[in-house]
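Enquirer: Please work out how this folds:
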Amino acid sequence: MLLRVTGDIDHPNVGDELHLDREMLLSLPQGVIETSTPWTEGVGRFEGPLLSALLEVAGTQSEHVRIQALNEYESEVPVSDFHDHGVILALERDGEPIAVRDLGPMFVLYPFDERPELLNETVRHRSVWHVGSIHVP
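Expert: Here you go, the predicted structure:
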């Protein structure tokens, strides 16, 4: 299991949680964002499932989620961001899996270069890296 989705979801697969491995995440509709970030050097090509598609698979109507990193850092993110900005759960950068030492294994990524207005403190805090779980209140 790479990602655990908990809380108010309609489609659990392990008890009342949704557990997703890499293969399951890659089977979801994917997005590609070519951007620079405040945490990486240069422009990268990031790929991963659209967070809107992931929440659709989980079966939730919530207006926000809490995304938690492996180190227990967490951020509340409005679901509208996922639809409005095509936010992805980046699994790869430049065709390679993102290592834990490089913000992986998963990283909430906004299209910063395409939409420079997103490069603000609020959105930076929503861009959780080392993602381990998503909780739907």
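Enquirer: contacts and neighbour counts: CA atoms only from here.
Expert: Noted.
Enquirer: what is the residue nearest the centre of the chain paired to in the beta sheet?
Expert: The C-alpha lying nearest the average C-alpha coordinate of the chain belongs to residue 89 (Cα atoms, centre = their mean; 2.9 Å). Using DSSP bridges, the bridge partners assigned to residue 89 are residue 108.
Enquirer: Distance of it relative to residue 46?
Expert: Here the criterion is Cα to Cα, to the nearest Å. By it, residue 89 lies 9 Å from residue 46.
Enquirer: tell me which element residue 38 is part of?
Expert: With elements delineated by DSSP states H and E, residue 38 resides in a region that no helix or strand encompasses.
Enquirer: Name the surrounding residues that touch the helix or strand hosting residue 5.
Expert: Residue 5 is part of strand 3-7 when elements are defined by DSSP H and E. Contacts of strand 3-7 with the rest of the structure, by Cα atoms under 8 Å, 6 or more residues apart in numbering, involve 16-21, 58, 131-137.
Enquirer: Good, wrapping up.
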